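J.: Just a sequence and a predicted model for now, questions to come.
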Amino acid sequence: MKPNMKLVGDAPPRSPEREQLAAAQERHGAATMQLVRIRAAHERAADTVYEAKDAVDKAIATLDEAKAGEGSYLAAAALGEADAALSPVKTAAAAVEQANDQLGTARHMRDALEAEIKSAERELMWAKSKLDDAVNDAVRADPATAQLFAEFSKVERRFMSLRQAMGVVGTSRLPQGCEFWDCQHSWPELPGAPVWQAAIEALRTDADAPLPS
């Protein structure tokens, strides 16, 4: 097959605006996933802090018990019934220090992730703004939008012509039941707006989504 030969059923080439939209979607998706990952890591880090606090409290309680029984230990050590090098107080104090170190590390990690969350939220906000702009640019550049405006202008011109004609005829000359022709009507939901709303919303996740034509 010759290079650049277009196959039947291939999607049409993207416009520059659609390419920019695809890039904005990729950035927005990446920013969203990054924020999800960081928030999940922060939640785990917060749980680790609570667990580390509990470990510190338990270590302190063990140290208090060791201090309360230190007299018995010293007496046993003096009688040769306990190893003088294995002081329960020193062991418990070392455990408290280690638990506090682990708590400090856990807090630093949690705080660091909080800063990362703020940075990721800013990136997501910026990515959303860029995505909004890219959607607007893609709609603006699409031939379907120009076609919509041309059709609207045509129908509006026809409407204004009829309205002027109705003004010339005047309400007093209209058949019975037509007296309120110039009043505001409460129209039911018409099909045009929902179709375009759905199409523009689809553009936020699909750079190749077509607009109504």
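T.: That came in fine, so what should we check first?
J.: who are the neighbours in contact with Ala59?
T.: Ala92, Ala95, Val96, Gln98, Ala99 (C-beta atoms under 8 Å, 6 or more residues apart in numbering). Yep, even glycine has a C-beta here, placed from its N, CA and C like the rest.
J.: among those residues, which ones are buried?
T.: Ala92, Ala95, Val96, Ala99 (16 or more other C-beta atoms under 10 Å).
J.: Which of the three states applies to the last one?
T.: Okay, so that is Ala99. helix (DSSP: H, G, I helix; E, B strand; the rest coil).
J.: okay, now the domains of this protein?
T.: 16-138, 142-172+191-213 (automatic domain parsing).
J.: quick one: stretch 181-195 to chain centroid distance?
T.: Taking C-alpha atoms, centre = their mean, to the nearest Å, the mean C-alpha location of stretch 181-195 is offset from the chain mean by 35 Å.
J.: mean confidence score for it?
T.: Averaged across stretch 181-195, pLDDT comes to 82.
J.: which outside residues touch it?
T.: Met166, Thr171, Leu174, Pro212.
J.: before we move on, back to that, mind putting the contacts of Ala59 into CSV with pLDDT and distance to Trp126?
T.: Putting the contacts of Ala59 into CSV (pLDDT from 0 to 100; distance: C-beta to C-beta, whole Å) gives the following:
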residue, pLDDT, distance to Trp126
Ala92, 89, 51
Ala95, 94, 47
Val96, 94, 46
Gln98, 96, 43
Ala99, 96, 41
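J.: Would you mind giving the residues you listed as JSON lines with distance to Ser153 added?
T.: What follows is the contacts of Ala59, written out as JSON lines (distance: C-beta to C-beta, whole Å):
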{"residue": "Ala92", "distance to Ser153": "86"}
{"residue": "Ala95", "distance to Ser153": "81"}
{"residue": "Val96", "distance to Ser153": "80"}
{"residue": "Gln98", "distance to Ser153": "78"}
{"residue": "Ala99", "distance to Ser153": "75"}
